[in-house]
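Q: structure of the sequence below:
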Amino acid sequence: MFRVVLAGFLLLLSHSVLAFKFPIEMIEGVNGARVIVYVAEGDIERGAGWVPFKGAPPLSLVKALATVREHLAKIPSMQDATLKEVQLRQIPRREDIWHYMVVMQSMKDGKPVLHYYVVLMSGKFIPAILEPESYK
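A: The predicted model follows:
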């Protein structure tokens, strides 16, 4: 009986492991820096498509920046961060899926530090990672 229960448990466990989907890795250049963004494929699929010149993006710039502000309000070191740049970018290999790349600047020990964020058209907020080789 124990073997049957153990076999059933291992079967369920292996099914869960096999069903795991790895996120999509996007590497983007932003003003000479390379940033990495990990996005779940489901998050991309949930985002509304957009075709340039056929109407406004599904998520306005104002709403995208409000999403960034809402998330950064929870981080004490980002309370005085300022907006440095916003870009509307296409998801690689997806013609109709776009996102906002938001660059914020904070100060640490009297020096400016840049932070990178992605906001999908669904409103999903995703912190990006500065690639280590691009540190100066």
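Q: now the helices for this protein?
A: All helices of the chain, identified by DSSP state H, fall at 2-19, 41-46, 61-72.
Q: packing partners of the last one?
A: Other helices and strands packing on helix 61-72, by 3 or more CB pairs under 8 Å, 6 or more residues apart in numbering; DSSP states H and E, are strand 82-90, strand 98-108, strand 111-120, strand 125-127. C-beta coordinates here come from the backbone N, C-alpha and C atoms, glycine included.
Q: ok, residues contacting it?
A: In this structure, residues lying in contact with helix 61-72 by CB atoms under 8 Å, 6 or more residues apart in numbering are M78, Q79, A81, L83, V86, Y100, V102, M104, Y117, V119, G123, F125.
Q: now do the contacts for the residue most central in space within the chain.
A: Using CA atoms, centre = their mean, the residue of the chain that lies closest to the mean C-alpha position is I126, 2.9 Å off. Taking CB under 8 Å, 6+ apart, we find I126 in contact with V37, Y38, V39, D43, Y117, V118, V119, L120.
Q: closest to E131 among those residues?
A: V37 (10.9 Å; CB to CB).
Q: what pairs with the closest one across the strands?
A: For V37, the beta-bridge partners are M26 (DSSP bridges).
Q: can you add neighbour count and give the contacts of I126 back as TSV?
A: What follows is the contacts of I126, written out as TSV (neighbours: other CB atoms under 10 Å):
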residue	neighbour count
V37	20
Y38	14
V39	20
D43	15
Y117	22
V118	24
V119	23
L120	23
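Q: can you redo those as JSON lines with pLDDT and distance to K21?
A: Shown next, in JSON lines, are the contacts of I126 (pLDDT from 0 to 100; distance: CB to CB, whole Å):
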{"residue": "V37", "pLDDT": "89", "distance to K21": "16"}
{"residue": "Y38", "pLDDT": "89", "distance to K21": "12"}
{"residue": "V39", "pLDDT": "88", "distance to K21": "11"}
{"residue": "D43", "pLDDT": "82", "distance to K21": "11"}
{"residue": "Y117", "pLDDT": "96", "distance to K21": "23"}
{"residue": "V118", "pLDDT": "95", "distance to K21": "19"}
{"residue": "V119", "pLDDT": "95", "distance to K21": "22"}
{"residue": "L120", "pLDDT": "93", "distance to K21": "17"}
